[in-house]
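Peer 1: Just a sequence and a predicted model for now, questions to come.
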Amino acid sequence: MNALAPQLEHPKHPVLVRALPTTTPRRRMLAVGLIGPGRVGSALLTQLRAAQTRLSESGLELKLCGVAASKRMWLDCDDPDLNRRCDRAQIWRPADLRQFARHVLGDDGRHALLIDCSANDEVAAHYAGWLAEGVHVVTPNKLAGSGPLERWQAIRAASHAGARFRYEATVCAGLPVVQTLRDLLDTGDELLAVDGMFSGTLAWLCNRHDGGRPFSALVREAHALGYTEPDPRDDLSGLDVARKLVILAREAGWALSLDDVDVQSLVPAELAALDADAFMARLDELDAPMAAQLAIARAEGGVLRHVASLDRDGRASVKLAVLPASHPFAHTRLTDNVVQFTTRRYHDNPLLVQGPGAGPEVTAAGVFGDLLRIAESLEARA
Ligand SMILES: NC(=O)C1=CN([C@@H]2O[C@H](COP(=O)(O)OP(=O)(O)OC[C@H]3O[C@@H](n4cnc5c(N)ncnc54)[C@H](O)[C@@H]3O)[C@@H](O)[C@H]2O)C=CC1
Ligand SMILES: N[C@@H](CC=O)C(=O)O
């Protein structure tokens, strides 16, 4: 213990509490560009701003160099005086992701990170190129991890060459699911199966759907709370959960694709083909079928839960099930997700990760955690 460190007063044990020895922090600078300032992206910006002083004191300078939305982007080189003179017309320029990445990377050898908080496939298509150029990438966007296998392999290969790629928040938002699996595998365990509840939206809907309000009203509320995907059909069709299964399977080295997942959709075919606004306008067509599902569950003395499973033989399924009231999943709350890893070591009693699995705040925190892990691995640069 550092005898020179000041002692802090503690009401009960005045001499036991001492300040930890102080060390000079290793100074690192990370240039950051955010793509997709929506619900998660905005929450992340708020969290980054709130943490800036604390991070700086611990040696990490985060420099926000740009924000790109679908049509427009802001770069920190944009000149405030010029903007004032041009009636702010220069603040946002047309979005161009190549220019955006070049700007964040700069030409001074700095560490650069792009955070993709969109749900856009075209953005995901840039990852391999960015990583190859030395730009780190963090994302909650599931489209790279569950998209074409060759593209996923190219992204992984590019990340092995230097820049880091992290995507913890793609599975169950801020819960430590991908890292838990990674740690199991890296320490020599073997994944046998994963099962549980992987949709925060559907967990919340199943918890709140008690016949008191129409199902459609609950879906609208889940959307407003930021739990659903930008298009709630991605949740209701089971696609979002299927994507998470694919991401976990690939993490385990299994070549699973979305087509391999047996998915039961809650969206009738006639609503599946509509554009997003038209679908939302006809959402009440889900009320009668969902009321019927609830009645079946109650008649059986059970509860509705949205469950999914995956095993090492490539069997993967996503469905709405009636579970007995005594089942552990019946006692989950709000947006709770449950992920059960059955492995060689955790065989008779699976390893469980459980907690809120959707929402801008918790998701942004998962993204932020990835950023910090990358920052931790950076070397100091002038
Ligand atoms: N909301 C949640 O609880 C969770 C969300 N996620 C993922 O986080 C991502 C963001 O979700 P939300 O913030 O809820 O969605 P959102 O719809 O609120 O935000 C998405 C943003 O991306 C922007 N965008 C769309 N296309 C773009 C493009 N080509 N270039 C740049 N920006 C573009 C949109 O303008 C919007 O600002 C999605 O991939 C979602 O799957 C992951 C875990 C949990
Ligand atoms: N819409 C998703 C968000 C997290 O991935 C969900 O509800 O689980």
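Peer 2: Thanks, I have it. The model shown is predicted, which means the values in this text are computed figures rather than measured ones. Numbers count the residues shown, from 1 in each chain. Ligands and ions are numbered 1, 2, ... in the order given.
Peer 1: Could you list the contact residues of this protein toward ligand 1?
Peer 2: Counting by CB under 6 Å from any ligand atom, the chain comes close to ligand 1 at 35-41, 68-70, 95, 117-120, 122-123, 140-142, 169, 173, 200, 226-227, 229-230, 358-360, 363. (Each C-beta comes from the backbone N, C-alpha and C, glycine too.)
Peer 1: So for stretch 315-328, mean pLDDT?
Peer 2: Confidence over stretch 315-328 (mean pLDDT, whole number) is 97.
Peer 1: Kindly report the same for stretch 204-222.
Peer 2: Mean predicted confidence for stretch 204-222 is 97.
Peer 1: can you list the residues that contact that stretch?
Peer 2: For stretch 204-222, the external contacting residues (CB atoms under 8 Å, 6 or more residues apart in numbering) are 201, 225, 227-228, 232, 235-236, 280, 283-287, 290-291, 294, 303-306, 320, 332-335, 358.
Peer 1: okay, how far is it across that stretch, tip to tip?
Peer 2: In stretch 204-222, first residue to last residue: 8 Å (CA to CA, to the nearest Å).
Peer 1: which of the residues of the chain next to ligand 1 count as buried?
Peer 2: For the residues of the chain next to ligand 1, a burial check counting by 16 or more other CB atoms under 10 Å picks out 35-37, 39-41, 68-69, 95, 117-120, 123, 140-142, 169, 173, 200, 226-227, 229, 358-360, 363.
Peer 1: in what helix or strand does the residue of the stretch 151-300 of the chain found nearest ligand 2 lie?
Peer 2: Residue nearest to ligand 2 within the stretch 151-300 of the chain (CB to the nearest ligand atom): residue 201, separated by 3.2 Å. Element membership of residue 201, judged by DSSP states H and E, is helix 200-208.
Peer 1: What about residue 137, how many residues nearby?
Peer 2: 30 (other CB atoms under 10 Å).
Peer 1: For the one helix or strand it maps to, name the packing helices and strands.
Peer 2: Element membership of residue 137 [criterion: DSSP H and E] is strand 136-138. Applying 3 or more CB pairs under 8 Å, 6 or more residues apart in numbering; DSSP states H and E, we find strand 136-138 packed against strand 111-116, helix 127-132, strand 165-166, helix 360-376.
Peer 1: can those go into CSV with extra columns for distance to residue 62 and mean pLDDT?
Peer 2: Listed next are those as CSV, based on distance: least, CB to CB, whole Å; pLDDT from 0 to 100:
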stretch, distance to residue 62, mean pLDDT
strand 111-116, 9, 98
helix 127-132, 18, 98
strand 165-166, 16, 98
helix 360-376, 8, 97
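Peer 1: closest one to ligand 2 among those?
Peer 2: helix 360-376 (6.5 Å).
Peer 1: Give the buried residues for the closest one.
Peer 2: In helix 360-376, counting by 16+ other CB under 10 Å, buried: 360-372, 374-375.
Peer 1: By residue count, which helix of the chain is the longest?
Peer 2: Secondary structure of the chain per DSSP state H: the longest helix is helix 39-57.
Peer 1: related to what we said a few turns ago, return the subset of the contacts of stretch 204-222 lying in strands.
Peer 2: Within those, residues falling in strands by DSSP state E are 303, 304, 305, 306, 320.
Peer 1: In JSON lines, list those along with distance to ligand 2.
Peer 2: As requested, the ones in strands among the contacts of stretch 204-222 are arranged in JSON lines below (distance: CB to the nearest ligand atom, whole Å):
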{"residue": "303", "distance to ligand 2": "18"}
{"residue": "304", "distance to ligand 2": "16"}
{"residue": "305", "distance to ligand 2": "14"}
{"residue": "306", "distance to ligand 2": "9"}
{"residue": "320", "distance to ligand 2": "14"}
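Peer 1: re the thing from before, quick check on the contacts of stretch 204-222: which are buried?
Peer 2: Buried by 16+ other CB under 10 Å: 201, 225, 227-228, 232, 235-236, 280, 283, 286-287, 290, 294, 303-306, 320, 332, 335, 358, out of the contacts of stretch 204-222.
Peer 1: coming back round to it: quick check, pLDDT for the nearest residue to the residue of the stretch 151-300 of the chain closest to ligand 2 once chain neighbours are set aside.
Peer 2: The spatial neighbour of residue 201 that comes closest, neighbours along the chain excluded (CB to CB, 6 or more residues apart in numbering), is residue 235 at 4.2 Å. Looking at residue 235, its pLDDT stands at 98.
Peer 1: Please apply the same query to residue 24.
Peer 2: With respect to pLDDT, residue 24 scores 71.
Peer 1: Then residue 12?
Peer 2: At residue 12, the model reports a pLDDT of 49.
Peer 1: Show me the shaky parts of the stretch 51-200 of the chain.
Peer 2: 78-91 (pLDDT under 70).
Peer 1: at 80 what do you get?
Peer 2: For the stretch 51-200 of the chain, the stretches with pLDDT under 80 are 77-92.
Peer 1: Quick check: residues of it near ligand 2?
Peer 2: Listed as neighbours of ligand 2 in the stretch 51-200 of the chain under the rule CB under 6 Å from any ligand atom: 173, 199, 200.
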